[in-house]
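K.L.:
return a 3D structure for these sequence lines:
(2 chains)
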Amino acid sequence: MAKTRALKRRIRSVESTRKITRTMEMVATSKLKRAQDRVVAARPYAAALAAAISDLLTPELAERFALLRRPPSPAKGGPARAAVLLLTSNRGLAGAFNANLIGAARERIGALEGAGYEVDLYAVGKKGIKYFQFVKRRLALARLDIGDRPTALHAEDLAQQLMAEYEAGRLASVDVVYAHFKSPLSTPPMVMRVMPIETGGRTDGPADRGSKPSVRPRVRLSANYILKPGAGELVGALLPLYVTNAVYRALVETAASEHGARRTAMKNATDSAGDMLEILRRTFNRARQAQITQELAEIVGGAEAL
Amino acid sequence: MRVSVVSPEQVLFEGDASSVVAPAYDGQVGILPRHAPFMALLGEGTLAIRTGDEESRFGVSGGFIQVVDNVVRVVAERAQPAAV
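P.N.:
So this is what the prediction gives:
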């Protein structure tokens, strides 16, 4: 009968889709593991750098560096541009991962524009680039080449461009929109202000494990440090590293989050393919049984007629 | 003394050592146990860590070296194990 044949075809199609999603889930799981290791491996450096800067930084010193100073508002002659660096993945099929990031970026852009800034959008990753091209927004930078294995060199490249703009006084602030890798299952989009470097209290609520190290001036326990060159020069050399490292952390966390999100999305897809198959198979069996019953009834009816 | 060498991407070395020779921005710096608190920018060059009879070498550039409480931290912008 036509109905059983159509059902059979659908069963086969769902089965092969399930094979694909299951494979993608396994690929994402193994990539996630490695990406996660990179996130963890990046922590000692970030912590050491933040601690060193905090050791050296005094409130008087903090005044001297453009990277730490809050520029005046545009009304008072400060820069009227602000930059947003959006990190997305190059590949889709990761659930709402990229949509969430794009949403967070739009929100931040809206807020900045509401405050009277003109926003330069720097986009990394195909999904973000495609979206903003679609809504016809000019991109200050569109990079596709970073992919899901970002290196410190990539971060340096990005940070250097932004720092050059910022230190030339053309930007009032630089925000990075990235996916915070809380756990493989929780990768909320986050907006991090990388320039000016925020000193003092953290901005993201109570301290959770693996939260970003922050720099804050503290009481000088370092009075008898031997410093080469002076504290000022050291801080001057380390602040750019701190910014670069913030970008690097955002890159690796986004990459790990992408795999986490994809694994979750593909697991859900595999599970619902399974559910769907169960229903389809039951419907198919019922249709087949109904057909046999009907044929039997016909045979019996035919035999009786004789 | 404890020595750790970290780059943005990974921890390259962690352990006890008897001496460290690091390329500071203005020349080589030798660190022995119980060094005074010290911090310097790194230049580019070879970092040598002596542990007993063995020596580990790394190519490093950028970043800084910090010595506090008999703990040496080499935080390099770029670092890799040197080819022997």
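K.L.:
what's the residue closest to the geometric middle of chain B?
P.N.:
Ranked by distance to the mean C-alpha position of chain B (CA atoms, centre = their mean), the top residue is B:V74 at 4.4 Å.
K.L.:
so for that residue, what's the pLDDT?
P.N.:
Looking at B:V74, its pLDDT stands at 94.
K.L.:
leaving aside the residues next to it on the chain, what's closest to it?
P.N.:
Of all residues not flanking B:V74 in the chain, B:V5 sits nearest, at 4.5 Å (CB to CB, 6 or more residues apart in numbering or on different chains). Heads up, the C-betas are built off the backbone N, CA and C, glycines and all.
K.L.:
ok, the helix or strand hosting the residue nearest to the centre of chain B: who's next to it in the sheet?
P.N.:
Using DSSP states H and E, B:V74 falls within strand B:71-81. Here strand B:71-81 is paired, per DSSP bridges, with strand B:2-6 (parallel), strand B:54-68 (antiparallel).
K.L.:
most neighbours per residue, which of the ones you listed?
P.N.:
Highest mean neighbour count of these: strand B:2-6, a mean of 22 (counted as mean count of other CB atoms under 10 Å in any protein chain shown).
K.L.:
could you point out which element follows that one?
P.N.:
strand B:11-16.
K.L.:
any idea how far A:G78 is from the residue lying closest to A:G103 once chain neighbours are set aside?
P.N.:
Excluding the flanking residues, the one nearest A:G103 by CB to CB, 6+ apart is A:P189, at 7.0 Å. Separation of A:P189 from A:G78 (CB to CB, to the nearest Å): 28 Å.
K.L.:
neighbour count winner among the two?
P.N.:
A:P189 (25 against 13; other CB atoms under 10 Å in any protein chain shown).
K.L.:
can you give me phi and psi for that one?
P.N.:
phi -70, psi 140 (degrees, to the nearest 10).
K.L.:
that one bridge partners, please.
P.N.:
A:A179.
K.L.:
please report the distance of it from chain B.
P.N.:
23 Å (CB to the nearest CB, to the nearest Å).
K.L.:
repeat that for A:A94.
P.N.:
24 Å.
K.L.:
how about the residues of chain A by chain B?
P.N.:
A:38, A:41-42, A:44-46, A:48-49, A:52, A:55-56, A:151-152, A:155, A:222, A:224-229, A:233-234, A:237-238, A:241, A:244-245, A:248 (CB under 8 Å from any CB of the partner chain).
K.L.:
any of those buried? List them.
P.N.:
Buried members of those, scored by 16 or more other CB atoms under 10 Å in any protein chain shown, are A:38, A:41-42, A:44-46, A:48-49, A:52, A:55-56, A:152, A:155, A:222, A:225, A:227-228, A:234, A:237-238, A:241, A:244-245, A:248.
K.L.:
among those residues, which are located in strands?
P.N.:
A:227-228 (DSSP state E).
K.L.:
restricted to helices, list the buried ones among the residues of chain A next to chain B.
P.N.:
Assigned to helices by DSSP state H, the following of these qualify: A:38, A:41, A:44-46, A:48-49, A:52, A:55-56, A:152, A:155, A:234, A:237-238, A:241, A:244-245, A:248.
K.L.:
so the residue nearest to A:G103 touches A:V177, yeah?
P.N.:
Yes. Assessed by CB atoms under 8 Å, A:P189 is found in contact with A:V177 at 6.4 Å.
K.L.:
which neighbours do these two have in common?
P.N.:
Counting by CB atoms under 8 Å, 6 or more residues apart in numbering or on different chains, the contacts common to A:P189 and A:V177 are A:101, A:104.
K.L.:
circling back to that earlier point, okay, the strands paired with strand B:71-81 in CSV with mean pLDDT and distance to A:R281 next?
P.N.:
Putting the strands paired with strand B:71-81 into CSV (pLDDT from 0 to 100; distance: least, CB to CB, whole Å) gives the following:
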stretch, mean pLDDT, distance to A:R281
strand B:2-6, 94, 55
strand B:54-68, 92, 60
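K.L.:
may I see those strands arranged in CSV, with distance to A:R70 as well?
P.N.:
Formatted as CSV, those follow (distance: least, CB to CB, whole Å):
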stretch, distance to A:R70
strand B:2-6, 30
strand B:54-68, 26
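K.L.:
nearest to A:R12, of the ones you listed?
P.N.:
strand B:2-6 (53.0 Å; CB to CB).
K.L.:
okay, the angle between the closest one and helix A:43-56?
P.N.:
110 degrees (axes from the mean of the first three to the mean of the last three CA atoms, to 10 degrees).
K.L.:
now strand B:2-6: how far from the chain's centre is it?
P.N.:
Taking CA atoms, centre = their mean, to the nearest Å, one finds the center of strand B:2-6 at 7 Å from the center of the full chain.
K.L.:
which residues sit against that strand?
P.N.:
A:44-45, A:48, B:11-17, B:20, B:47, B:49, B:58, B:60, B:70-76, B:79.
K.L.:
among those residues, name the buried ones.
P.N.:
By 16+ other CB under 10 Å, these give A:44-45, A:48, B:11-13, B:17, B:20, B:47, B:49, B:58, B:60, B:72-76, B:79 as buried.
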